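Novice: requesting a structural model of the entry that follows:
(chains A and B)
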Amino acid sequence: MLNVNLIRENPEAIKAGIAKKNIDPKLVDKFLRLDVDWRSKTEALGQLNGEQNTLSKELAKKQSEDLLSKAQLLKKRISDITVEENKLSVKRDEALEKLPNIPFEDVPVGKDASQNVVLREVGEKPIFDFKPKDHLALGEALGIIDVKRAAEVAGARFNYLLGDGAMLEFALVQFAVKTIAAHGFTPVLPPMFIKPQVLHGMGRLASDQKEERYYLPKDEQYLIGSAEHTLGPLHMDEVLSNESLPKRYVGFSSCFRREAGSYGKDMKGILRVHQFDKVEMFIFSLPEKSDEEHQLLLSIQEELVKKLELPYRVVQNCTGDMGWVDAKQFDVETWLPGQDAYRETHSCSNTTDFQSSGINAKYKTAGGKKEYLHLLNATGIAIGRMIIAILENNQTKEGTVKIPKVLQEFMGKEEIGARS
RNA sequence: GGAGGCGUGGCCGAGUGGUUGAAGGCAGCAUCCUGCUAAGAUGUUGUGGGAGAAAUCCCAUCGGAGGUUCGAAUCCUCCCGCCUCCGCCA
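Specialist: Predicted structure coming up:
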């Protein structure tokens, strides 16, 4: 959630911030109006409660018909105002939920992804002396990806990984977790179910994100869309000691996404699916260090892709293409020859105090005050997309696929599909 | 899925309707005292919100949400979490 005090103190800055994210700044005024109304009710309630407390204390000393009837009347008034206060409180919360995190000053302003800023391109795009195949053609030919049977079993946008396809996933997970853990990240296997209240606190049910989540009504639980969703709440309602910061975690989980609104988009292969596995980095940081930690996350992402010997580029997302909870975001886009394009394989976000306020994760300042931490999340390896990149970039004329050197020790071979 | 128990401040732990925001202990902080990596005495110490320049005052808060009552940590309902036993299960 956005910091309410900040909105009250400097509404113009908030308006300017959300406008950059293509959100109507009038929503700020709407919130402030409700906030004023709500506060007046809260204050009135406080006063009436005080009167009631006084009356109760007198009644405790001696019973009196007069006082009793007075207290009963007061009780009725309090319950009436409480009803009003509750209604306003709900409306106020709804209004607050319509406000996304505001971007940092240094984030490039833009409408949509077309205005993202390319920071650098790294690595050589492969040049083929034959017509390269896309990952699905390769995967099917090698017998390591099967989307047809998956569709019959589970529906569209699911896949089987078989044989070396499955082995490739295990190799990528081990490589990624090992590499990331070396930077001081604690490996975590988090829950893949989450309570609505907690997911809400992470800001992941706000706006149209709700449509993206799988919900299990019988159990009143959501399936996570990323390990991020349950890594953040690892320190819910906690005040972390400064010596323990930054806390860095590397999680592994399946991710479940409805892909609502993307019907017909990226239908081929396994680029956009309802279920995939991902290694995810997550950091709890002091506010003044979060920019530094953000750069660390980005550098680790680049380290991973470089070690996999894949061509990629780094883009800084413009304000209009940033996530709801993000104050600053980078994407790593890996070159996919099958699409003849760079496609997003990694995302790297500083959410400042937007999520930490929702899950109440704090630290103590030098002055002893408790303040919200900054939370950061970043893709380690999105397995499916990285498999696509490896297949398409490393394919040979013979239809085999060379395994990146760093994965060979985990695969026990150098090539997929080679005749032995 | 069935049966039962429990959930109080940083920790331990009293408290079954009325000056209880909460005894007592530990820990923390401050002062005093004592010459020997320690002990003692006294005071002080939760969180959130609101008013105020401040001292201070008011409200809320005893897992969470409701309910009963003039009044609830204490009674009732639902939920969450932990523990024990049975069943099932990787």
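
Novice: CA atoms for contacts and neighbours, from now on please.
Specialist: OK.

Novice: give me the neighbour count for A:Val173.
Specialist: 22 (other Cα atoms under 10 Å).

Novice: which ones are touching it?
Specialist: Applying Cα atoms under 8 Å, 6 or more residues apart in numbering, we find A:Val173 in contact with A:252, A:279, A:381, A:383.

Novice: I'd like to know which of these is nearest to A:Ala260.
Specialist: A:Ile383 (21.2 Å; Cα to Cα).

Novice: tell me the contacts of that closest one?
Specialist: By Cα under 8 Å, 6+ apart, the contact set of A:Ile383 is A:169, A:172-173, A:276-279.

Novice: so which of these are in strands?
Specialist: Within the contacts of A:Ile383, residues falling in strands by DSSP state E are A:276-279.

Novice: I'd like those residues as CSV, with pLDDT, neighbour count and distance to RNA strand B appended.
Specialist: CSV is the format used below for the ones in strands among the contacts of A:Ile383 (pLDDT from 0 to 100; neighbours: other Cα atoms under 10 Å; distance: Cα to the nearest atom of the strand, whole Å):
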residue, pLDDT, neighbour count, distance to RNA strand B
A:Phe276, 96, 21, 20
A:Asp277, 96, 19, 18
A:Lys278, 97, 25, 20
A:Val279, 97, 27, 20
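
Novice: for burial, what's the neighbour tally of A:Glu97?
Specialist: Counted with other Cα under 10 Å, the neighbours of A:Glu97 add up to 17.

Novice: check what pLDDT the nearest residue to it once chain neighbours are set aside gets.
Specialist: Distance criterion Cα to Cα, 6 or more residues apart in numbering; nearest residue to A:Glu97, sequence neighbours excluded, is A:Ala206 at 6.1 Å. pLDDT for A:Ala206: 86.

Novice: A:Pro196 is in contact with A:Ala206, correct?
Specialist: No: the pair A:Ala206 / A:Pro196 is not scored as a contact, 11.3 Å apart, by Cα atoms under 8 Å.

Novice: the more surrounded of the two?
Specialist: A:Ala206 (21 against 16).

Novice: ranges for the helices of the stretch 201-350 of chain A?
Specialist: A:228-231, A:290-307 (DSSP state H, counting those that start in this stretch).

Novice: out of these, which one sits most buried?
Specialist: A comparison of the helices of the stretch 201-350 of chain A by mean neighbour count, using mean count of other Cα atoms under 10 Å, puts helix A:228-231 on top with a mean of 25.

Novice: picking up where we left off before, between the contacts of A:Val173, which is nearest A:Gln316?
Specialist: For the contacts of A:Val173, the nearest to A:Gln316 is A:Ile381 (18.6 Å; Cα to Cα).

Novice: specify the beta-bridge partners of that closest one.
Specialist: Beta bridges link A:Ile381 to A:Val279 when assigned by DSSP bridges.
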